[in-house]
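Novice: kindly return the folded structure for what I paste below:
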Amino acid sequence: MPHYLSQVSYTPEAWARLVANPHDRIEAVRAPIEKLGGHIVNAFFAFGEYDVMVITEMPNNVSAAAIAIAFAAGGAVRSEKTTPLMTTTEALEAIRMAGTTGYRPLTAGASAAAARP
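Specialist: So this is what the prediction gives:
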């Protein structure tokens with residue numbers, strides 16, 4: 001199953017509610033993710049731009065988008081970003097495949113032409 005990284009930033013109101021009633025929000029999102037056919041691989045709270053990072057396995061992009069939309073629509077999230085992830089094996093396959101496309105960039109040979117007197 002494909003992996004996804006969901007990065008979430010809470011609103012100040014959401015933080016205030018968590019401070020008033022601390023509880024595990026990862027457990028709160030587990031059932032909705034599983035209802036879509038996915039599961040949580042790992043989750044972390046973080047410093048910086050995003051407050052929570054959740055790595056999930058989801059059946060497909062539609063399911064991953066559905067949970068991202070649900071997170072964003074709930075009102076407790078200031079921002080949400082979902083990134084599809086690839087294994088190293090998948091990335092190497094993509095790199096090898098890229099080499100077989102025959103694609104030639106617009107700038108190919110431009111350096112040599114510019115260097116001519």
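Novice: which residues are in contact with the most centrally placed residue in the chain?
Specialist: Nearest to the geometric centre of the chain sits Thr83, at 2.3 Å (CA atoms, centre = their mean). Thr83 makes contacts with Tyr4, Leu5, Gln7, as judged by CB atoms under 8 Å, 6 or more residues apart in numbering. C-beta here means a position set from N, CA and C on the backbone, and glycine is covered the same way.
Novice: what's the answer for Asn61, then?
Specialist: Contacts were defined as CB under 8 Å, 6+ apart; by that measure Asn61 touches Pro2, Pro84.
Novice: what's the answer for Phe71, then?
Specialist: When contacts are counted by CB under 8 Å, 6+ apart, Phe71 is found next to Ser6, Val8, Val29, Val77, Glu80.
Novice: that one sits in which helix or strand?
Specialist: Using DSSP states H and E, Phe71 sits within helix 61-73.
Novice: same thing with Leu18?
Specialist: Assigned by DSSP H and E, Leu18 belongs to helix 12-20.
Novice: tell me the angle of the next helix or strand after that helix relative to helix 61-73?
Specialist: Counting by DSSP H and E, the element after helix 12-20 in chain order, helix or strand, is helix 25-35. Angular relation of helix 25-35 and helix 61-73 on a 0 to 180 degree scale: 140 degrees, by axes from the mean of the first three to the mean of the last three CA atoms, to 10 degrees.
Novice: would you say the residue nearest to the centre of the chain is within a strand?
Specialist: Yes: assessed by DSSP: H, G, I helix; E, B strand; the rest coil, Thr83 belongs to a strand.
Novice: apart from its neighbours in sequence, what residue is nearest Pro59?
Specialist: Take Pro59 and drop its neighbours on the chain: the residue closest to it by CB to CB, 6 or more residues apart in numbering is Gly37, 4.3 Å away.
Novice: do Met1 as well
Specialist: With CB to CB, 6+ apart, the residue lying closest to Met1 is Glu57, at 4.2 Å.
Novice: what about that neighbour, how many neighbours?
Specialist: Using other CB atoms under 10 Å, Glu57 has 17 neighbouring residues.
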